[in-house]
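Asker: Pasting the sequence and the predicted model now:
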Amino acid sequence: MNSDGFIKIHRKMLAWEWYTDTNTKVVFLHCLFKANWKDGRYKGQVIKRGSFVTGRKKLAKELNMTEREIRTALEHLKTTNELTIKTTNKYSIVTVVNYNIYQDIFDDERPTKRPTKRQSSDQQTTTIEERKNIRNKEYISHGDEPHLFGVYNNVRLTDGELEELMKQYPEDYKDMIENLSSYMRSHGKLYGDHYATMMRWKHEDEIKAQETKKAAAYDYRKDVI
């Protein structure tokens, strides 16, 4: 196993729904460590970045767990879309969903202040009519190469990345693109992987929303040590 490099794990993982399930947490972290950081090949098949070849028996041996414990943990992770698993008659290919959130090869510094849907007047360098035309344009392009989107035409996305954004966040994807576009323009930021940046921002927002909801519902009077 390649032990070079590192992965990034935010403290907000403490709020992850499987964090207190030891087996599921250990299996997920193991998958993060095992996943390819770049595309590779195995017996004539391309194993994409974020994926790796394994089996239930092999995982059980590596983690000193029973096969039943491995199977249960993997089912947990599949139900919440942390992993996908493609099985052949000889092995399985495990893929970490949103792998770039944990292992980004570029410097995707998270801004301390998030852009809002409405920009201040000094940032509105385009006219209202120009902005309307950009927002109303079809967010579909053709070909395998990245294309430029956003109000400042500076967000790079491939067709596959755009389709995935539209699929996962049909109500929010346009605002996600515009927020990144405006933030990069107004702050002079350059991000290596724009799709990964937007997905990470959204993931952090979702975790923050969960934490806020838990804090609002928590009754400290019942927490007795």
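Answerer: Received the coordinates, thanks.

Asker: Going by C-alpha atoms from here, please, whenever you check contacts or count neighbours.
Answerer: Will do.

Asker: tell me the contacts of Ala15?
Answerer: By C-alpha atoms under 8 Å, 6 or more residues apart in numbering, Ala15 lies in contact with Ile207, Gln210, Glu211.

Asker: The last one and Asn23: what is the separation?
Answerer: Applying C-alpha to C-alpha, to the nearest Å, the value for Glu211 to Asn23 is 23 Å.

Asker: ok, back up a step: out of the contacts of Ala15, which one sits closest to Glu75?
Answerer: Nearest to Glu75 among those is Ile207, at 21.5 Å by C-alpha to C-alpha.

Asker: Please determine how far that closest one is located from Asp193.
Answerer: Relative to Asp193, and taking C-alpha to C-alpha, Ile207 is found at 21 Å.

Asker: what do you get for Tyr42?
Answerer: Taking C-alpha to C-alpha, one finds Tyr42 at 26 Å from Asp193.

Asker: Could you check which of the two is surrounded by more residues?
Answerer: For Tyr42 and Asp193, the more surrounded residue by other C-alpha atoms under 10 Å is Asp193, and the numbers stand at 17 against 9.

Asker: where exactly do the strands run in the protein?
Answerer: Ranges of strands in the chain, per DSSP state E, are 40-42, 45-47, 51-54, 83-87, 92-96, 147-149, 155-157.

Asker: can you list those in JSON lines and add mean pLDDT and distance to Glu69?
Answerer: Below are these laid out as JSON lines (pLDDT from 0 to 100; distance: least, C-alpha to C-alpha, whole Å):
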{"stretch": "strand 40-42", "mean pLDDT": "87", "distance to Glu69": "27"}
{"stretch": "strand 45-47", "mean pLDDT": "88", "distance to Glu69": "25"}
{"stretch": "strand 51-54", "mean pLDDT": "93", "distance to Glu69": "16"}
{"stretch": "strand 83-87", "mean pLDDT": "92", "distance to Glu69": "16"}
{"stretch": "strand 92-96", "mean pLDDT": "93", "distance to Glu69": "17"}
{"stretch": "strand 147-149", "mean pLDDT": "87", "distance to Glu69": "44"}
{"stretch": "strand 155-157", "mean pLDDT": "90", "distance to Glu69": "39"}
